[in-house]
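Chemist: the following block contains a protein sequence and its predicted model.
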Amino acid sequence: MRLTATLLLPLLVLPAGAARAQEARPDFEQCLAGLQTLAEERGVPATAREALKEISPDPAVLPATRTQAEFVRPVWDYIDASVTPEKIATGQAKLAEWSDVLGRIETAYGVDRHVLVAFWGVESGYGSVLDDPRIVRPVIPALATLACQDGSRTAFWRDEFLGALTILANGDADAQRMTGSWAGAMGHTQFMPSAYLKHAVDFDGDGKRDIWRSVPDALASTANFLKSYGWRSGEGWGQEVALPENFDYRLADETTERSFSEWAALGLKPAGGKAFPEGAERRATLVVPAGARGPAFLLEPNFKVILRYNTALAYALTVAHLSDRLAGGAGFARDWPRGDRMLTNDERTDLQTRLEALGHPTGGTDGKVGPKTRAAIRAFQSAHGLVPDGYAEAGLLEKVRAGSRKPQ
């Protein structure tokens, strides 16, 4: 969560020689000693610091930072993998099994039960992977590896590592129980240690905030997280819409809010037979994740709260859509442009670099296409007589490359 550390990633294992080389890096022990000193300075008890003894780097961790599914797969593949008939059926069974608990959580935090169970399903398959040693791994070595060897976010990983030690010191979990994803995301709904310390709750009343073994604690902690970031009780995340012909796609900038009545006046209609929400002055932004040939969505403020859990648009749409399906809703009315070739990470970086050189700022060249990059794409498309839908795919990159070539 948050860092897009969703648990449902393929297990990544380096070749034996590479693993031995990584474990042999002499600077790891030096870094670990520095973490030990920092933990002591921040008041982490000595009993928790014992977990630092004899830690080796986890060879599967660093490769995983470069293959996060929600950033490297087409949005439709990501959604299809999580919103399956089996996952919908299992989620509906979980809604029935935990109905009383979910009702009490809704009363306490105002977050819809279908959304909470959708998070549960996407993050850990309703807990099904938590005992799978091929997927989960000890959190302390994973975070130590990232804190010492991922130079791009050293401070972030260091703080998460110290947060994990604090959880051990508080007695909510021991090192054996504290397992999670490659990025240290833990439990049924994948809390990073810092989020755990801020938002985890003891909902079952046993004196521990056990997000690993207590479903009530995990779901209530997720509800507490969402509420703390402004979840609006009684409102949805948004909905799919149909756009009129000759629509001005510059309006789909995913930042400008308009009321539903204003969007309706621009020709937007609910898709799939679902009406606009009562109170047409509720506001939403328009997003077209796969451009003019894919589905369009009006996103309400609660969608931004989902993005606080994980910043990838594909992830947030997956949670949102699964929550609708769990509540009995239908699939998308418009299909995705499944024949399109998505860009590799290097190609996305190349696209951002070229757009920057053409005077269209992307907010960075990290290979991750977010709102700023999509705005830069729209600016390029508008300047070249293209539909300004902000959609990054292979054809768009070729046009940008052609537009940025210098005359011979």
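Modeler: It's in. Just so you know, these numbers come straight off a predicted model, no measurement behind them.
Chemist: please report phi then psi for the spatially most central residue of the chain.
Modeler: Nearest to the mean C-alpha position of the chain, by C-alpha atoms, centre = their mean, lies residue 310 at 2.7 Å. The phi and psi values for residue 310, taken as degrees, to the nearest 10, are phi -160, psi 130.
Chemist: does it touch residue 316 like I think?
Modeler: Yes - using C-beta atoms under 8 Å, residue 310 is in contact with residue 316, at 6.7 Å. In this view, the C-beta of every residue, glycine as well, is placed from N, C-alpha and C.
Chemist: ok, back up a step: specify the beta-bridge partners of the residue nearest to the centre of the chain.
Modeler: Going by DSSP bridges, residue 310 is paired in beta bridges with residue 2.
Chemist: and it, how far from residue 189?
Modeler: 11 Å (C-beta to C-beta, to the nearest Å).
Chemist: next: residue 287.
Modeler: 25 Å.
Chemist: what's the answer for residue 283, then?
Modeler: From residue 283 over to residue 189 (counting by C-beta to C-beta), the distance is 28 Å.
Chemist: quick one: residue 348 and residue 364 touch, right?
Modeler: No - using C-beta under 8 Å, residue 348 makes no contact with residue 364, being 11.2 Å away.
Chemist: neighbour count: those two, which is higher?
Modeler: With neighbours defined as other C-beta atoms under 10 Å, residue 348 and residue 364 compare such that residue 348 has more, 22 against 13.
Chemist: residues making contact with stretch 282-294?
Modeler: In this structure, residues lying in contact with stretch 282-294 by C-beta atoms under 8 Å, 6 or more residues apart in numbering are 74-76, 235, 238, 241, 247, 249, 251-260, 263, 268, 295-301, 313-314, 317, 334-337, 340, 387, 389-391, 393.
Chemist: look at residue 283 and residue 189 and report which has more neighbours.
Modeler: Remark: of residue 283 and residue 189, residue 189 carries more neighbours, 27 against 15, as counted by other C-beta under 10 Å.
Chemist: can you pull the contacts of the more buried one?
Modeler: 1, 119-120, 123-124, 211, 218-219, 221-222.
Chemist: nearest to residue 142, of these?
Modeler: Nearest to residue 142, judged by C-beta to C-beta, of the contacts of residue 189 is residue 1 at 14.8 Å.
Chemist: wasn't residue 321 part of a helix?
Modeler: Yes - counting by DSSP: H, G, I helix; E, B strand; the rest coil, residue 321 is part of a helix.
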